[in-house]
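Student: can you look at this prediction? I've put the sequence above it.
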Amino acid sequence: MDKIRQVINKERKTAVFPIVCADHCVRLLNMSLAEVANDGKKLAQVLEYGYQTYQYDMVLVFSDPYVEAQALGCPIKFSPSPTLLGPKSNRVTDRTGEIIKAAELLKQRVDVPVFVSIKGPFTLASFLIGIEDFLKALIAAPKKAEEVINQALEFQIGYLKRLLKVSANIFIGDPVASSSVISPKLFERFAFNPIQILIKKIKEQELITGVHVCGETKPIIPILDELGADILSIEDITPKTRTLKMGGVSTDTILAGNETRIKSEIKQALNEPYLILATSCDVPAETDMKNIKTMMEIAHTYHRN
Amino acid sequence: MNIRSVADSLSVRNKIGSKTKVRGLSLIQAPNLIVGRNMDFDDIKKAVVDLDVETVKKLVTQLLKQKTRPEEIMEQGLIAGMKEVGRLFTCKEYFVPEVLMASEAFYAGFDLVSPLLKTDKMNEKGKIVMGVVEGDIHDIGKNIVKVMLEASGYQVVDLGKDVPTEKFIEAVTRENPKILAMSALMTTTMMKMRDVVNGLEQKKLRNKVKVIIGGAPANNDFAKKIGADGYGEDASAAVSLVEELIG
């Protein structure tokens, strides 16, 4: 059994995954994110390279946050980082097939669980009509907000079906639903049910499901616990949860910290009885390889079975 | 403070005015303009806090028709409302959607009042140039900071989002602001703030303007590292920082 599942089953205390995504790997290989994000084979290639370089315990297929938004008609520009240019229009570029292809290829090439990152319907909805208008609609036009969320959910259910066919584990990222942006009350009303619907579908296939919410999450921990996910990837791992936590090393530390700081955060994090030791969000693209390697080495020094 | 004591305090401040009654309200009439009762301003403040755009418009229009002083509508109604919204945001009773809607309400009134305000009075606290750095289009935080600064009496020149380094430098040269405020939400764009600081130094403008930064990936250490004068964690902190630097 893989280490991630062992930790979920409490048969092992720790697994490690600095959240290395395509943007960091393309820098290592001197490639551009735009070419990789549009090509499943290349995406698999760079993510495999990241895995071979650092030897972590899972792989996450994530090129950029706008795959689904673009498939629903939002214009995207890579310059070189991806930028969402505006709300939904008529021009659709569907990259979901490339993401599925990358997951399939990686499953054949790596011996750790392969996860695909998809957007939570709440965050996806915010991309579809523009984040600011969406946030205002939550208060001024809640029915309209719900309509857009349902549209996003419908799309994600279809995308998820295709991902589950290739037996990909799933991470649902819902950053706009964090308590840095919306109140726990709005989370409960608008974000909770759509995520839970997706989680149920993943669990029916006995695949692993994680939820990632960056930013402030402390006020919504009890709600996140009710989602029924296997893993909660959060920035602050100090609050108690029933769900297995993932995190412990801040993105600032992995980007700009030194060995002492990384060591101190890992030591602190390993007070958790069971943990997927990870960065609190995805590793910034320009992060020095040395820091990621240091994180892996220190994690192995403090190895716990 | 009750209505009587408010009226009394206003009477002291407006000795040349004479008391009059308009639509059942006790008002103190200056030669051309009328000072409204605090109750009117409190209603505007409450409408801003209640995120009620239409009521703000209605109340401000009504007071302006009654020739109430626009400065008072602004300060005691709209600004007071946004200050309360800032407080609620700081103590996590309000979140971003609430602040965005409050900003809508504030601007609904501000747009009616601002043409009637004396520009020098409105902007007496100083000019601030602000924008989101190149490659970054996340401007909600910047927009919230902007409204809080305007509500605090600063003149804001908003360069918008995805602003190239040279545009920031040009704006500092042209506008001669007391503060340059920049933000970035992504780790991939945050280093652009350092480029702007370096650009200001190269053009020998750095000592003419205070530079403050904001955005999720930044912090105080980062601000120091790139040579900025300060970092504001949120909109309220940004306003406090500005007050501290130039207030």
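Tutor: Ah, there it is. Numbers count the residues shown, from 1 in each chain, chains lettered A, B, ... in the order given.
Student: what residues does chain B have near chain A?
Tutor: Within chain B, the positions near chain A by Cβ under 8 Å from any Cβ of the partner chain are B:51, B:92, B:94-98, B:100-101, B:104, B:135-140, B:143, B:162, B:186-189, B:216-217, B:219, B:221-222. All C-beta atoms are positioned from the backbone trio N, CA, C, and that covers glycine.
Student: shaky segments in chain A?
Tutor: Segments of chain A classed as low confidence (criterion: pLDDT under 70) are A:303-305.
Student: for the closest residue to chain B within it, helix, strand, or coil?
Tutor: Using Cβ to the nearest Cβ, the single residue of chain A nearest to chain B is A:Pro284, 3.7 Å away. For A:Pro284, the secondary-structure state derived from DSSP: H, G, I helix; E, B strand; the rest coil is coil.
Student: run through who's touching the top helix by length along chain A.
Tutor: Among the elements of type helix in chain A, defined by DSSP state H, the one spanning the most residues is helix A:142-165. Helix A:142-165 is touched from outside by A:68, A:71-72, A:96, A:99-100, A:103, A:116, A:118-119, A:121-122, A:124-125, A:128-129, A:134, A:137-138, A:170, A:189-190, A:194, A:197-198, A:201-202, A:205, A:207, with contacts defined as Cβ atoms under 8 Å, 6 or more residues apart in numbering or on different chains.
Student: which members of those residues occur in helices, if any?
Tutor: Using DSSP H, the members of the contacts of helix A:142-165 that fall in helices are A:68, A:71, A:96, A:99-100, A:103, A:121-122, A:124-125, A:128-129, A:134, A:137-138, A:194, A:197-198, A:201-202.
Student: just the buried residues of those.
Tutor: A:68, A:71, A:96, A:99-100, A:103, A:121-122, A:124-125, A:128-129, A:134, A:137-138, A:194, A:198, A:201-202 (16 or more other Cβ atoms under 10 Å in any protein chain shown).
Student: intersect these with the contacts of chain B.
Tutor: Among these, the residues lying close to chain B (Cβ under 8 Å from any Cβ) are A:Leu138.
Student: one step back: gap between the longest helix of chain A and the chain center?
Tutor: Relative to the centre of its chain, helix A:142-165 is centred 17 Å away, using Cα atoms, centre = their mean, to the nearest Å.
Student: cool, stretch A:84-95 as well?
Tutor: Put simply, stretch A:84-95 sits 21 Å off its chain's centre (Cα atoms, centre = their mean).
Student: can you tell me the centre-most residue of chain B?
Tutor: Nearest to the mean C-alpha position of chain B, by Cα atoms, centre = their mean, lies B:Glu150 at 2.1 Å.
Student: correct me if wrong: that one contacts B:Val157.
Tutor: No. With contact taken as Cβ atoms under 8 Å, B:Glu150 and B:Val157 are classed as non-touching, separated by 11.0 Å.
Student: secondary structure element for whatever residue of chain B ends up closest to chain A?
Tutor: Per Cβ to the nearest Cβ, the residue of chain B with the smallest distance to chain A is B:Thr187, at 3.7 Å. Here B:Thr187 sits in a region with no helix or strand, counting by DSSP states H and E.
Student: how many neighbours does it have?
Tutor: Here the number of neighbours of B:Thr187 (other Cβ atoms under 10 Å in any protein chain shown) works out to 24.
Student: just confirm it contacts A:Thr251, I think it does.
Tutor: Yes. Between B:Thr187 and A:Thr251 a contact is recorded at 6.8 Å, counting by Cβ under 8 Å.
Student: what's the overlap in contacts for these two?
Tutor: Between them, B:Thr187 and A:Thr251 share the neighbouring residues A:284, B:217, with contact defined by Cβ under 8 Å, 6+ apart.
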